[in-house]
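In: Prediction below, plus the sequence it came from.
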Amino acid sequence: MGAATAWALENASQDAAQRDRKLDRDIGVTEGEIGVPGLEHPPATIGAFSREASGASGSSDAPDAEGPIEPPPD
């Protein structure tokens, strides 16, 4: 019984490792372009950056919300 269990666990480990290698290959972890420096990206279409990316703070003077969700105004 123990030998059969050990054999089954070993085969399951090998199958999982083979599945992981195939997935890594398919998504480009080991043989693709993931993480490759110097990739050509399309140019920005409007040249505008998000507020967060440009380092700007929020424009609202409202305090940060804390506590439970407030009901909508009437």
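Out: Right, received. Where do you want to start?
In: Where do the helices of the protein begin and end?
Out: Defined through DSSP state H, the helices belonging to the chain, from first to last, are 2-27, 51-54.
In: Those: lowest mean pLDDT?
Out: Lowest mean pLDDT within the helices of the chain: helix 51-54, a mean of 68.
In: could I get the helices of the chain as JSON lines with distance to Pro68 and mean neighbour count?
Out: Every residue, glycine included, has its C-beta placed from N, CA and C. Converted to JSON lines, the helices of the chain look like this (distance: least, CB to CB, whole Å; neighbours: other CB atoms under 10 Å):
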{"stretch": "helix 2-27", "distance to Pro68": "42", "mean neighbour count": "10"}
{"stretch": "helix 51-54", "distance to Pro68": "26", "mean neighbour count": "9"}
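In: Tell me which of the ones you listed lies nearest to Pro73.
Out: When the helices of the chain are ranked by distance to Pro73, counting by CB to CB, first place goes to helix 51-54 at 25.0 Å.
In: burial measure for Val29, as a count.
Out: Applying the criterion other CB atoms under 10 Å, we find 13 residues in the vicinity of Val29.
In: what about it, distance to Gln14?
Out: As for Val29, its distance to Gln14 is 19 Å (criterion: CB to CB, to the nearest Å).
In: got it, and Ala44?
Out: Looking at Ala44 against Gln14, where the rule is CB to CB, the gap reads 47 Å.
In: do the same with Met1
Out: Taking CB to CB as the measure, Met1 and Gln14 are separated by 21 Å.
In: on that earlier part again, among the helices of the chain, which is nearest Glu66?
Out: Between the helices of the chain, helix 51-54 lies closest to Glu66; by CB to CB that is 21.1 Å.
In: Enumerate every residue touching Ala56.
Out: Taking CB atoms under 8 Å, 6 or more residues apart in numbering as the contact definition, Ala56 lies against nothing.
In: can you redo the helices of the chain as CSV with distance to Ile69?
Out: Converted to CSV, the helices of the chain look like this (distance: least, CB to CB, whole Å):
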stretch, distance to Ile69
helix 2-27, 39
helix 51-54, 23
